[in-house]
Structures are given as C-alpha cells and as structure tokens.
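# Let me see the structure of the following:
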Amino acid sequence: MTRYVVGIYHNLMSLEGPTRLFLSMMDVFKSMGWQVRIYTRSTAWTQVWVKQPRGLFKQMRIKERVDPNRTYYPLKDLKKYHPLAYLQLRDIRVDDMIPLRHPYLYFSEQIREEMAEADYVFTAVETYLRLNEFLEDPSKFIAYIHFPPTMMWPSSREIHVWVNSEWTGQFVNEFWKGKEVEKLWGRRYIDQMPVEDWEYHVVYPPCNVEAYTSSRSWEERPYDIVIFSRLTKDKIQLVSHLEGYRVLVIGADYGGEVPSWVECRKNLTFHEVAEYLSKSKVYLHCKGYQSEPEHFGQTIVEAMASGCAVVAPNAGGPVEILDHGKYGILFEDPMEMKEAIDYLLSSSEEWRYFHKKATDRSKYFDYEHTAKRIREALDIEE
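Model (predicted):
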C-alpha cells in the first residue's frame, strides 16, 4: 500500500536548522516508498494577522522582512544546500497563502483539498499545532515538536505528537500544563490547557549518514576543532578558552570581535560543509552552555557521521545523542570543556577511540532507523 503524506512548512528557502529537519523527515517518508507533496511559500510575500483595536485581527498580505543574518537561496538550489537522497523539486509546490508563524491559520483551497486526500499531514512548525482543525479526521495530523518554547498546544488528543528527543517530550508536557501558555497567549486560554500528560513518540531527526565521509585519518584532518553554529557572544566565551588550537566555525558570526585563531565560513553548500567536517578532529557543540538546553542537536549527528569526536554540554538532547557520555564527552563548564578537548587532541590514540564511537553511533539516526521509528509511532506495517 502506497501512503500519501502532505508536508506544510512556511519557508524552505533558508539554511535554518528547522528547515533542514523538515526536509530530512520528508526525505525519509519518500525513502519508505510514500507519495510526498510539500507546500511552502516564497520569501517575497507572506500572509500575516495584524492586531487591530478591540482585540480583532485582520489578515494582510505584506512584503516579508528579510533577515540580513539569514541566507536565502532559490528553490531550484535546494539540493545544493541539503543532503537529500529522495526528494525532488517536483515534490514541492509554492503557495503564498501559507501563514508564516501564527496560530490564526489560513490555507488556500488547493492545500485544503490536498490535505483532505492525504493519509497524513505533517508539519514541523509549532504554531501550526491547530492545523488539525482543517481536517475531518484529526488522527491524520502529525505534529513534530522540536523547539517547544515558542509553541501553542494541540486542540485534539487524536493527533500524533512526535518530539525530537525525550527531553523535549518531557518539556512539552510541563509547558502545556504550565503558566508559560498564559504568558504567551493570555488568561482566556487557561481553561483550554491540557491537564493530563500528552502521549508522544520520540522520532529522532534523521541524518543522511551516507552523504558524509568518516574515513579520514587523524593526519588528514587539519582543523583541530569545528563548530557548526552561528557564533554568538555566549559561544565566543567558550571559544576564548581554545587559544593554541586551529578552530573552524561553520556559520555567521554575530558581528563582534572574533579571536584570531578562529576561521569563520558561512553560506556554504552542503558539499562544502561535509568537506570541512571531514577535515576536523573534534566537534564542539556550544548551545546549552549559558543558554537553554539544546532540544536535540542535528549538527552533532552530522559531525559524528563525519568521524569527529564530540564534546557537548551535559544538558538536553546532546545527553541522549551521546548516551550520557558513552559516545562523546559531556561538560558542565568551560574548564571541563577545555580538559576534554586537550585530552582528545593530546594524541591520535585517544582521538581514534571516540572517532570510532561517534561514527558507529551516527548510524542510530540514519534513514533506516528513522523509518522504523515512524512505523512504530503510527502503528503501521512495513
């Protein structure tokens, strides 16, 4: 039986982590033999709801503000920036009647018809959590939660709630029952808030492991440390402890002063990213230090698939990826981080141990394992 899934996402034409996650999940659906259709919008126009006097909302079509710190690319270059194995451009439709990030949803008639025909409707945008209200059968709706602090909560317990880590799942239930919803959406929503825990399934973000190269030796990796993230001020604090090492940052810096031993590369294609990762010995994950924990950490898995030994904060999703330190080194503070990196780079023998552990662990997040988790979550046969 060929199943049909419709994916809804507000903007595929940027290099954000959530965009990469959504595309990877849709790529897995297609790898399972499913028929796939994706609806997205262009970066030119967006439908927004503007608050008017007396609390009323009016829908307006406005020119989107382009974030200068974010890279946009033409849709035709999609596979240039994402390691997609199965998705094709013909699977994607552009429809500017898709809302940006707002709970007051409106979709075109074409999208509504497609959603009605589909076996499942999938989204990874938290403010689309009430999209099920457009469906006669709410159980067709799959809501993938990967960044809970900005989200609403579903209006039906029949929908499928997937999360990117056990940490996120626990956070979801606390958030949906807590005062955070009142802060975000007002007192009138309190009576609608769920009282009981929500059933969720952990479906880890997939990684196209085969698209990365892990076989390069210690001698073939000129960079000591690689960071795959925007270099913000809190991350600069960590990097300041790494003087004496050759550090590469894949991502834009925040505009401030960057240490002289740090090289920054931004707006890279996927093949360029994969090449740099495979030429680096240690991957340092910075998010979660002096900030809210990382909910998962896709770049950790990508670095592991590239053969990098991993050092990451001991909080959130990275703890699950590294299985509490079995496949990498977790740290609590800059001192522990520096000690971990010094240990890994002290000789090739120490590095090779964690290099192999990381490479083996990355396969746990490949397309085959993800497809198995999807079938289990939906309770369907292969």
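
# going forward, measure contacts and count neighbours with C-alpha atoms only.
OK.

# for the chain, what are the low-confidence residue spans?
Along the chain, the parts satisfying pLDDT under 70 run over 43-71, 100-105, 148-153, 177-196, 252-256.

# Could you chop it up by domain?
Split into domains by automatic domain parsing, the chain comes to 4-206+367-378, 209-364.

# Let me see the ranges of the helices in this structure.
17-31, 78-81, 109-117, 166-177, 180-185, 233-239, 270-278, 298-305, 317-321, 334-344, 348-362, 367-378 (DSSP state H).

# any idea of the angle the last one forms with helix 17-31?
What separates the directions of helix 367-378 and helix 17-31 is an angle of 90 degrees, with axes from the mean of the first three to the mean of the last three CA atoms, to 10 degrees.

# Give me the buried positions along helix 367-378.
367-371, 373-374, 377 (16 or more other CA atoms under 10 Å).

# same question, the shortest one
Residues of helix 78-81 classed as buried by neighbour count (16+ other CA under 10 Å): 78, 81.

# who does that helix touch, helix- and strand-wise?
If you count contacts as 3 or more CA pairs under 8 Å, 6 or more residues apart in numbering; DSSP states H and E, helix 78-81 packs onto helix 270-278.

# Comparing the domains of the chain, which comes out most buried?
For the domains of the chain, the largest average neighbour count (mean count of other CA atoms under 10 Å) is found in domain 209-364, namely a mean of 20.

# Determine how far the last residue of it lies from the first.
End-to-end distance of domain 209-364 (CA to CA, to the nearest Å): 10 Å.

# Then stretch 120-137?
Per CA to CA, stretch 120-137 runs 10 Å from first to last residue.

# what's the answer for stretch 316-325, then?
Counting by CA to CA: the opening and closing residues of stretch 316-325 are 13 Å apart.

# next one: stretch 375-382
Stretch 375-382 end-to-end distance (CA to CA) = 7 Å.

# Tell me how far that stretch lies from the chain's centre.
23 Å (CA atoms, centre = their mean, to the nearest Å).

# Show me what it is in contact with.
Outside stretch 375-382, the residues that touch it by CA atoms under 8 Å, 6 or more residues apart in numbering are 160, 201, 203.

# out of these, who's nearest Met337?
Of all these, Val203 has the smallest distance to Met337: 28.9 Å, by CA to CA.

# Can you verify my assumption that that closest one contacts His369?
No: contact criterion CA atoms under 8 Å: Val203 and His369 do not qualify, at 9.4 Å.

# hang on, Ser139 packs against Ser155?
No: taking contacts as CA under 8 Å, Ser139 lies outside contact range of Ser155: 11.9 Å.

# May I have the phi/psi pair for the residue lying closest to Arg157 once chain neighbours are set aside?
Excluding its sequence neighbours, the residue lying closest to Arg157 (CA to CA, 6 or more residues apart in numbering) is Trp198, at 7.7 Å. The phi/psi pair for Trp198 (degrees, to the nearest 10) reads phi -90, psi 140.

# what's the distance between Trp198 and His160?
10 Å.

# Over to Met337?
38 Å.

# What of Leu87?
23 Å.

# and stretch 5-20, how far apart are its ends?
End-to-end distance for stretch 5-20, by CA to CA: 18 Å.

# Name the residues that touch it?
22, 26, 29, 34-43, 70-75, 78, 81-82, 98-101, 114-115, 118-125, 146, 298.

# make it 6 Å
36-41, 71-73, 100, 118-123 (CA atoms under 6 Å, 6 or more residues apart in numbering).

# again with stretch 234-251
Against stretch 234-251 from outside (CA under 6 Å, 6+ apart): 223-230, 262-266, 286.

# again, only this time at 8 Å
By CA under 8 Å, 6+ apart, stretch 234-251 touches 223-231, 258-259, 261-268, 273, 286-287, 289-290, 334, 338.

# Please apply the same query to stretch 77-95.
With contact meaning CA under 8 Å, 6+ apart, stretch 77-95 is reached by 13, 15, 20, 23-24, 26-28, 30-31, 36-42, 75-76, 108, 208, 211, 268-271.

# Strands along the stretch 201-350 of the chain, start to end?
Remark: strands assigned in the stretch 201-350 of the chain by DSSP state E, counting those that start in this stretch are 201-202, 223-228, 247-250, 262-265, 280-284, 309-313, 329-331.

# looking at the ones you listed, which is closest to Glu294?
strand 309-313 (8.7 Å).

# still on that earlier bit, make TSV from the buried residues of helix 367-378 and add distance to Leu131 to it.
Formatted as TSV, the buried residues of helix 367-378 follow (distance: CA to CA, whole Å):
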residue	distance to Leu131
Tyr367	27
Glu368	28
His369	28
Thr370	24
Ala371	24
Arg373	23
Ile374	20
Ala377	19
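
# now, among those, which is nearest to Ser217?
Tyr367 (25.7 Å).

# That closest one: what's it in contact with?
When contacts are counted by CA under 8 Å, 6+ apart, Tyr367 touches 28, 31, 206-209.

# how close does it get to Gln110?
Tyr367 is 30 Å from Gln110, by CA to CA.

# same thing with Asp342?
Applying CA to CA to Asp342 and Gln110 gives a distance of 57 Å.

# Likewise for Asn314?
Counting by CA to CA, the gap from Asn314 to Gln110 is 46 Å.

# same deal with Pro154?
With CA to CA as the criterion, Pro154 and Gln110 are 24 Å apart.

# ok, Cys207 touching Phe22?
No: the criterion here is CA under 8 Å, and Cys207 misses it with Phe22 at 11.5 Å.

# Now do the same contact list for the nearest residue to His324 once chain neighbours are set aside.
Excluding the flanking residues, the one nearest His324 by CA to CA, 6+ apart is Leu330, at 7.6 Å. Listed by CA under 8 Å, 6+ apart, the contact partners of Leu330 are 311-314, 319, 324, 337.
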